[in-house]
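*Asks:* Compute the structure for the input listed below.
(one chain, ligands or ions: 1)
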Amino acid sequence: MITVETTALSIQRLTRRYGPLTAVNEVDLELAAGQFMALLGPSGCGKTTLLRLIAGFEQPNHGVIMIGGRTVVGPCGASVPPEQRRIGMVFQDYALFPHLSVAQNVAYGLLRGPDREKRVQELLALVGLTGADRRMPHELSGGQQQRVALARALAPRPTLILLDEPFSNLDAGLRQTVRSEVRQILRREGATTLFVTHDQEEALSIADIVGVMIDGKIVQVAPPRELYERPANRAVATFVGAANFVPAIAQGMVAQSVLGPLPLVQSHFGPVSVMIRPEMITLTRDEESPHRVVERNFFGADVRYEIVLGDGTPLNARLAPWHDLPIGARVAVSVRGPLVAFAEPK
Ligand SMILES: Nc1ncnc2c1ncn2[C@@H]1O[C@H](COP(=O)(O)OP(=O)(O)OP(=O)(O)O)[C@@H](O)[C@H]1O
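*Replies:* Residues are numbered from 1 along each chain as shown. So this is what the prediction gives:
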């Protein structure tokens, strides 16, 4: 079988400035048809601005945006209006029309005709709301409203779905269920999705691919596991999960540190910071060890230990709850490698 991968979204050198501030800085981004990409970054890094540029609610200073192979923002500033970009959007606040029923909300973007009712029923079935046609938005729970908003966005079969922090108004328990439901619905519909979030766990758990944005720039695009295990730099490493950095001197594939020789994933020479995720660490009681436990916090599923290494470097470890090391205990530290290292300026 031959599969042809088409590009649903292609962005080149996209830039948006607000006075002296560059909110989106020379961004290049590609999204293949059917992919689900999370755009992850700290508050104020430019995620929403990027989404608004793609949707056409903002105009860039320069750059090119192509959606489904069609140029919607051209190199000379020519711009296709939002309603002609074949985009579906779901925002944080659901934004359903309060005076329209569920079915009317879903039908909103569809042309009148014999297929309209059929498509509405198809979408209601897809989002698990068959029979809710006549209900009004205020009669629905937050999760149900979010599913109606998604059905409405998907109804006209857009080339691209944009989701801006769609789960942030839901409480923690509901949030997990709704996001996995939404993910399944989008997968069944084969929709191409760009999903903005500042929640790294959310991005890692539901996306096919994650783009990390920091200070207006996309700094890394990778599948979740690769992003977590091989972050491109220290900023990504600390934003995507917790990370310890242990100073060491690299000699090829091994770095010498206060923890002894540490195996590396890639050859380095000279001063480096070795990244160690808290769950890669094992601690065992050892009265001769120079490393000691200075704090511990019980979380139920695991326990977080704060260690001070012999040279004063702090280290966080997360261990299964049956480990019971008291504050003050001397511990031997072993680390599951190989590990990523970042060169330190000399
Ligand atoms: N209309 C505007 N005028 C001036 N500055 C703006 C405007 N819109 C956004 N900014 C600034 O651009 C930067 C990026 O904002 P943006 O809303 O895109 O970030 P974000 O990553 O989506 O943040 P959050 O997660 O908090 O929503 C911020 O410093 C913001 O203050």
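
*Asks:* and the stretch 101-250 of the chain, which of its residues are near the ligand?
*Replies:* H198 (C-beta under 6 Å from any ligand atom). (C-beta placed from N, C-alpha, C; glycine too.)

*Asks:* so how far is T6 from the closest residue to the ligand within the stretch 101-250 of the chain?
*Replies:* Nearest to the ligand in the stretch 101-250 of the chain, going by C-beta to the nearest ligand atom, is H198, at a distance of 4.8 Å. Applying C-beta to C-beta, to the nearest Å, the value for H198 to T6 is 30 Å.

*Asks:* picking up where we left off before, I'd like to know how many residues surround the residue of the stretch 101-250 of the chain closest to the ligand.
*Replies:* 18 (other C-beta atoms under 10 Å).

*Asks:* and what of the one 3 residues further on?
*Replies:* Residues near E201, counting by other C-beta under 10 Å, number 11.

*Asks:* Return the helix or strand in the protein with minimum mean pLDDT.
*Replies:* Within the chain, no helix or strand scores below helix 172-189, which has a mean of 82 by mean pLDDT, DSSP states H and E.

*Asks:* Which other helices and strands does that one contact?
*Replies:* strand 36-40, helix 114-126, helix 142-154, helix 200-206 (3 or more C-beta pairs under 8 Å, 6 or more residues apart in numbering; DSSP states H and E).

*Asks:* deepest of these, which one?
*Replies:* The highest mean neighbour count among those, using mean count of other C-beta atoms under 10 Å, belongs to strand 36-40: a mean of 25.

*Asks:* ok, and what's touching it?
*Replies:* 31, 47, 50-51, 183, 186-187, 192-200, 202-203, 206-213, 221, 239-240 (C-beta atoms under 8 Å, 6 or more residues apart in numbering).

*Asks:* Correct me if wrong: Q59 contacts S79.
*Replies:* Yes - the pair Q59 / S79 is scored as a contact, 6.2 Å apart, by C-beta atoms under 8 Å.

*Asks:* Who has more neighbours out of those two?
*Replies:* More neighbours surround S79 than the other of Q59 and S79, with 16 against 11 (other C-beta under 10 Å).

*Asks:* Identify the residue spatially nearest to the more buried one, adjacent ones excluded.
*Replies:* Among residues not flanking S79 along the chain, V73 sits closest, at 5.2 Å (C-beta to C-beta, 6 or more residues apart in numbering).

*Asks:* which residues touch that neighbour?
*Replies:* Per C-beta under 8 Å, 6+ apart, neighbours of V73: L14, L53, G56, Q59, P60, G63, V64, I65, S79, V80.

*Asks:* Can you show me the CA trace of the strand or helix carrying the second one as PDB?
*Replies:* Assigned by DSSP states H and E, L53 belongs to helix 47-55. Coordinates of the C-alpha atoms in helix 47-55 are reproduced here as PDB (Å, rounded to 0.1, in the frame of the first residue of the first chain):
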ATOM      1  CA  LYS A  47       1.100  30.200  21.800                       C
ATOM      2  CA  THR A  48      -2.200  32.000  21.500                       C
ATOM      3  CA  THR A  49      -0.800  34.600  19.200                       C
ATOM      4  CA  LEU A  50       0.500  31.800  16.900                       C
ATOM      5  CA  LEU A  51      -3.000  30.200  16.900                       C
ATOM      6  CA  ARG A  52      -4.700  33.500  16.200                       C
ATOM      7  CA  LEU A  53      -2.300  34.200  13.300                       C
ATOM      8  CA  ILE A  54      -3.200  30.700  11.800                       C
ATOM      9  CA  ALA A  55      -6.900  31.400  12.300                       C
END
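
*Asks:* Determine the set of other helices and strands touching it.
*Replies:* Under the contact definition 3+ C-beta pairs under 8 Å, 6+ apart, helix 47-55 sits against strand 7-18, strand 21-32, strand 36-40, strand 62-67, strand 87-90, strand 160-164, strand 193-197.

*Asks:* Which one, of those strands, ends up nearest to V148?
*Replies:* Nearest of the helices and strands packed on helix 47-55 to V148, taken as C-beta to C-beta: strand 87-90 at 10.0 Å.

*Asks:* Next up, the contacts around E189.
*Replies:* Here E189 is in contact with L126, L154 (C-beta under 8 Å, 6+ apart).

*Asks:* same question, E202
*Replies:* Residues in contact with E202 (C-beta under 8 Å, 6+ apart) are A38, F167, R179.

*Asks:* which one of those residues is nearest I161?
*Replies:* A38 (12.6 Å).

*Asks:* gap between the closest one and A207?
*Replies:* 4 Å.

*Asks:* So for these two, which residues contact both of them?
*Replies:* For the pair A38 and A207, residues contacting each of them under the criterion C-beta under 8 Å, 6+ apart are F195.

*Asks:* Provide the contact partners of the helix holding L53 at residue level.
*Replies:* Helix 47-55 is touched from outside by 9, 11, 14, 16, 23-24, 27, 39-41, 58-60, 65, 67, 73, 82, 85, 87, 89, 160, 162, 164, 194, 196, 198, 213, with contacts defined as C-beta under 8 Å, 6+ apart.

*Asks:* Write a PyMOL command that selects only the buried members of those.
*Replies:* Selection of the buried residues among the contacts of helix 47-55 in PyMOL, burial being defined by 16 or more other C-beta atoms under 10 Å:
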select buried, resi 9+11+14+16+23+24+27+39+40+41+58+60+65+67+73+85+87+89+160+162+164+194+196+198+213
